[in-house]
Structure formats: C-alpha cells, structure tokens
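# dropping a prediction and its sequence here:
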Amino acid sequence: MPGFNTLGIAHRWIAEHVKPGAFCIDATAGRGFDTAYLCSLVGENGKVLAFDIQQEALDSTASLLEQRGLRTIAELHLDSHHHMNEYAQPESVDCITFNFGYLPRGDHSICTHAETSIPAIEQGLQLLKPNGIMSLCIYYGGDSGFEEKNALMDYLRTIDSKTYTVLTCEFYNRPNNPPIPVLILKGI
C-alpha cells in the first residue's frame, strides 16, 4: 500500500469501504494503478469500469492488469469520465476514483478540465449507492495550472451536506503544490 501521500490516503479510504463483489469505477484510468487496486479489492465476483480519453492510458492499464492477473475483472472504455452515467445505473456503484491532472509520463497538454470534471463528479454522486464513496486526487500546479483545482474546490463546497460528507486534506508543509486528497461519502 502506498505511503503517507495523496494516493496512500485514498487507497486506505477505499480499502475500508470496498469489499469483494463490489462494483467500482475508475473515472480516470491513467496508468492503471487505481484500476488494478480496485480489481484486487472487488475480486473475481466484482466489477470495475475504467475510463480514459487516451488510448495510451488504456493500453498501459490493460498491460498492468494482465501482469497482475486481473484483466477479466475490469472493462476499459475509451471515453470521458463525464459519460460514465451511460455505463452504470443510479445508486449502483460502491466506489468511484478520480485522479485529476495529466497522464503520468504522457502528453502534458492533454489533461482534465473543470468543464468535464465537475459534471463527472455530479454524475458519480448520483451513481453511488447509499454509503458509497468517492476519492478525488487533485494534481495541480506546473503544467496543469490552478484553474481546475480552484473550480473543483469551489464546487465541492456546494455539494449537498444533507446527503454527502466531503472531506478535503492538504499537505501544508510539503513544497511544489502537493496533490490534494478529497474523500466523499454518500451519507452523513
């Protein structure tokens, strides 16, 4: 399990909530690490959908899943995260993960944007089962700038507090704009 960093916090949160047989979505497959992690938690009786707009990301994800013997658990979709509601029914998903920013070791000009990320989060909130969870890892600064981060943080304040609990964390003493972990529970 990763150390005390944004991904480590997200994975600990996910491990506490996702059980064998669960249905999960990796909204931003990237290099496949979250997809593989979710597959390892849900097991052979579970299901994971993974989305990315870059074929390179899906190829990388497929390769990692093959290496780990998890390929049959996941469905990979060359599609944007803001279309995930076309693949799942409302209140059917146990966990959704997001990593905002760009593909590691990929083309930094291709990155997530608030214009699609916020609608994707909104859809995800509707797809979550009661007591379902969502993790957001917000990478910002450098090539990806602050626009999406600022828009996401503003949006998160508006999520209905009677239905969802939103927790944001920050690494105050780490340099270079460390990613921000956000944990959402459909419940209070």
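On my side now, so go ahead.
# how is this protein divided into domains?
Under automatic domain parsing, the residue ranges defining each domain of the chain are 8-105, 141-188.
# these: lowest mean pLDDT?
The stretch with the lowest mean pLDDT among the domains of the chain is domain 141-188, which comes in at a mean of 88.
# chain center to it: distance?
On the basis of Cα atoms, centre = their mean, to the nearest Å, the separation between the geometric centre of domain 141-188 and that of its chain is 13 Å.
# check stretch 124-135 too.
Here stretch 124-135 shows a centroid-to-chain-centroid distance of 12 Å under the convention Cα atoms, centre = their mean.
# can you tell me what sits against it?
The contact list for stretch 124-135, computed with Cβ atoms under 8 Å, 6 or more residues apart in numbering, reads 10, 13-14, 17-18, 25, 27, 84-85, 88-98, 121, 159, 164, 181-187. The way it works is simple: take the backbone N, C-alpha and C, and place the C-beta from them, glycine included.
# just the buried ones from the residues you listed, in PyMOL syntax?
One line in PyMOL is enough to select the buried members of the contacts of stretch 124-135, burial here meaning 16 or more other Cβ atoms under 10 Å:
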select buried, resi 10+13+14+17+18+25+27+84+88+93+94+95+96+97+98+121+164+181+182+183+184+185+186
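# one step back: just name the most buried of the domains of the chain.
Mean neighbour count (mean count of other Cβ atoms under 10 Å) peaks for domain 8-105 among the domains of the chain, with a mean of 20.
# tell me which strands the lengthiest strand in the chain pairs with, and in which orientation.
Looking across the chain with DSSP state E, the single longest strand is strand 128-138. Taking DSSP bridges as the criterion, strand 128-138 sits next to strand 93-100 (parallel), strand 180-185 (antiparallel) in its sheet.
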